[in-house]
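Student: Quick check, what structure comes out for this input:
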Amino acid sequence: MRKNLIGLIDACCEAIENPNYRPRADGTTFCNIFVDAVAVKVFGNHDFDGLTADQIYAFCESHADKYTEIQMGEAQDMANQGSFVIAAATATMVNQSDGHVCVIRPGLLKDSGKWGPCPSVCNIGRQNFIGRAPSGPIQGMPAGVNEAFQPMPKFFAWRGSL
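Tutor: Model (predicted):
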């Protein structure tokens, strides 16, 4: 599991610096591609190849043999142990044209006014961040999944990493 933990940290750091993951002027974002890249690079998991965020959500939800839905309170501990954990919401949930997914990264819980303590994330999307909110009312402050989603997402852990 230690190898996965180090791999998760590296993958998150590399993504934040990768210009290919920056949102485009036309609104195109790359959350699904990033989540897939982490799955493949760190865990050898090809489940999300070519899937959109909505399709990743649906895949996790419909493959209980591969993914366990967990509570938000479990997500940080599991990521800190090197498990592959994602947060996911559908387009309907986020009221957008597509859903959103992000990786729960190793780290400490972040304080959230709306959800209490919440897991740390590497967020690639409309805003890319790994530790601090890039804008808004908590700009520059520690941020986690609370800053990546407006409604509460679902959390899924890949059974192959448990």
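Student: what about A79, which SS state?
Tutor: At A79 the chain is in helix, as set by DSSP: H, G, I helix; E, B strand; the rest coil.
Student: what's across from the nearest residue to it once chain neighbours are set aside in the sheet?
Tutor: Once flanking residues are discounted, A79 sits nearest to I104: 4.3 Å by Cβ to Cβ, 6 or more residues apart in numbering. For glycine as for every other residue, the C-beta is placed from the backbone atoms N, C-alpha and C. Here I104 sits in beta bridges with V121, going by DSSP bridges.
Student: pretty sure I104 contacts S120?
Tutor: Yes. I104 lies in contact with S120 (Cβ atoms under 8 Å); the separation is 7.0 Å.
Student: where do the contact lists of these two overlap?
Tutor: Listed contacts common to I104 and S120 are 76, 79, 145; contacts here mean Cβ atoms under 8 Å, 6 or more residues apart in numbering.
Student: could I get those residues as TSV with distance to T92 and neighbour count?
Tutor: Listed next are the shared contacts of I104 and S120 as TSV, based on distance: Cβ to Cβ, whole Å; neighbours: other Cβ atoms under 10 Å:
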residue	distance to T92	neighbour count
Q76	26	25
A79	26	26
V145	19	24
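Student: Between those, which sits nearest E14?
Tutor: Nearest to E14 among the shared contacts of I104 and S120 is A79, at 16.8 Å by Cβ to Cβ.
Student: From P119, how far off is the residue nearest the centre of the chain?
Tutor: By Cα atoms, centre = their mean, the chain has its centre lying nearest to C102, at 1.7 Å. As judged by Cβ to Cβ, to the nearest Å, C102 and P119 stand 10 Å apart.
Student: tell me, what's touching these two both at once?
Tutor: What both C102 and P119 touch, as defined by Cβ under 8 Å, 6+ apart, is the set 87, 145.
Student: Of I104 and S120, give the one with the bigger neighbour count.
Tutor: I104 (30 against 24; other Cβ atoms under 10 Å).
Student: would you put the C-alpha positions of the lowest-mean-pLDDT helix or strand in the chain in PDB?
Tutor: One helix or strand of the chain scores below all others by mean pLDDT, DSSP states H and E: helix 2-17, with a mean of 91. Extracted C-alpha coordinates of helix 2-17, given in PDB (Å, rounded to 0.1, in the frame of the first residue of the first chain):
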ATOM      1  CA  ARG A   2       2.900   2.400   0.600                       C
ATOM      2  CA  LYS A   3       3.700   2.300  -3.100                       C
ATOM      3  CA  ASN A   4       0.200   3.400  -3.900                       C
ATOM      4  CA  LEU A   5       0.300   6.100  -1.300                       C
ATOM      5  CA  ILE A   6       3.500   7.600  -2.800                       C
ATOM      6  CA  GLY A   7       2.000   7.100  -6.300                       C
ATOM      7  CA  LEU A   8      -1.100   9.000  -5.300                       C
ATOM      8  CA  ILE A   9       0.800  11.900  -4.000                       C
ATOM      9  CA  ASP A  10       3.000  12.100  -7.100                       C
ATOM     10  CA  ALA A  11       0.100  11.800  -9.500                       C
ATOM     11  CA  CYS A  12      -1.800  14.700  -7.800                       C
ATOM     12  CA  CYS A  13       1.300  16.900  -7.800                       C
ATOM     13  CA  GLU A  14       2.000  16.200 -11.400                       C
ATOM     14  CA  ALA A  15      -1.600  16.900 -12.400                       C
ATOM     15  CA  ILE A  16      -1.700  20.300 -10.800                       C
ATOM     16  CA  GLU A  17       1.400  21.300 -12.800                       C
END
